[in-house]
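Participant: could you work out the structure for the sequence below:
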Amino acid sequence: MKKDKLELTLIFPKNIIPVLFLLLSANNISAQDFELFKIGSAYYPSQSIEESSMDGEIGFFEWSAQLTIPQPLKNKKTIFIHKLLYANLRVDTEAEILGTPIDTEKYYHIITYNLGLVQTLNPKWRLTVNLTPTLASDFGESLNEDDLLFQANALVINSKSKKIKYGFGLAYTTRFGRQLVIPMGMFKYSTPKMELDIVLPNKLSVMFNTPKNTLQYGLATALNGGLFNNNSEIQTINAIIDEAGYSRLNIGPAIAVRLKKSIKINLAGGMSVGRRLEFIDVDEDTIDRTPEVGTFFRAGISFTPQKKSAETPSNN
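Facilitator: Below you'll find the predicted structure:
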């Protein structure tokens, strides 16, 4: 029991806000990058299935919650970051098979623990590494080894100036709806009035700040997805499905409204142009159920610790 208390103390410092400020200052990360807690959801109205052999429509609903806890070491150059994430994907299918209407809801779940390392190499360079064991399944049966996936990425980042950062690395990810090794790149340009944030292939955004920093607005592009173990029957498919792959690319306007300094309401909408939904059966054949391009709407709330006003750059 004493051992459990000791481990808990290491992860949850007595006063977490000073620890967060240490994290932000030690690694030249702006406070807006670090969300201690966030929850969000996204709605994708049903669209016709691109595959002509099936008459029907498919829509999606996503929601997720994430908690992030930093654990800096005494040398102030090494910081471990612990993240817990739960995400849920609901697939809504309305179809007609042999004259019989079928209306189904299928749920897929993701539970991840992410162990991140932020290592300052020198005043200009730092290394970030993330190891992410993942449970991804419809949980139609008891947990088994097929429900467990592993993801990881590594990125080397250079702080060229107070305004410009860039980096490059590799990722082993299911973001495209399948497990792939892909190159990564990042570029960030930030001033008190605007921020350009590029993390390839994950996101691209241009956001502008109002004078009092209570509102951000701009355009954002976000790619995400997952690969899920499938255990239960899918009514609209006449085959035994082993895996389900899902991905989407969202493009559109976004706003963030700051409430009480540390709380932000995040809203986005637009077009989901890169939707993909594929099922892989036990014979490794792929069954495509990708819907056509459609709209999306996303809403969320996050808690982002802020530095003292004296340390915050002025917009003037």
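Participant: can you tell me the centre-most residue of this structure?
Facilitator: For the chain, the residue whose C-alpha lies nearest the mean C-alpha position (C-alpha atoms, centre = their mean) is Asn224; its distance is 6.7 Å.
Participant: and it, bridged to which residues?
Facilitator: In this entry, Asn224 is beta-bridged to Arg248, by DSSP bridges.
Participant: how close does it sit to Asn122?
Facilitator: Asn224 sits at a distance of 33 Å from Asn122 (criterion: C-beta to C-beta, to the nearest Å). Every C-beta, even on glycine, is put in place using the N, C-alpha and C of the backbone.
Participant: check contacts around the residue nearest to the centre of the chain.
Facilitator: For Asn224, the contacting residues are Arg175, Asn202, Ser247, Arg248, by C-beta atoms under 8 Å, 6 or more residues apart in numbering.
Participant: list the buried ones in stretch 221-234?
Facilitator: Along stretch 221-234, these residues count as buried under the neighbour rule (16 or more other C-beta atoms under 10 Å): Thr221, Ala222, Leu223, Asn224, Gly225, Gly226, Leu227, Phe228, Asn229, Asn230, Asn231, Ile234.
Participant: reformat those as CSV; add distance to Thr295 and pLDDT.
Facilitator: Supplementary listing: the buried residues of stretch 221-234 in CSV, determined by distance: C-beta to C-beta, whole Å; pLDDT from 0 to 100:
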residue, distance to Thr295, pLDDT
Thr221, 15, 96
Ala222, 15, 95
Leu223, 17, 95
Asn224, 17, 93
Gly225, 18, 94
Gly226, 21, 94
Leu227, 25, 95
Phe228, 24, 96
Asn229, 30, 95
Asn230, 27, 94
Asn231, 32, 90
Ile234, 25, 84
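Participant: name the nearest residue to Leu223, sequence neighbours excluded.
Facilitator: In space, not counting the residues next to it along the chain, Leu223 is nearest to Leu249; the distance is 4.9 Å by C-beta to C-beta, 6 or more residues apart in numbering.
Participant: got the confidence number for the one you found?
Facilitator: Confidence per residue is given as pLDDT, and for Leu249 that number is 95.
Participant: that one and Phe176, how far apart?
Facilitator: Note on Leu249: its distance to Phe176, by C-beta to C-beta, is 10 Å.
Participant: same check on Met184?
Facilitator: Here the distance between Met184 and Phe176 works out to 13 Å (C-beta to C-beta).
Participant: in CSV: the contacts of Asn224, plus distance to Pro101.
Facilitator: Putting these into CSV (distance: C-beta to C-beta, whole Å) gives the following:
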residue, distance to Pro101
Arg175, 34
Asn202, 38
Ser247, 28
Arg248, 26
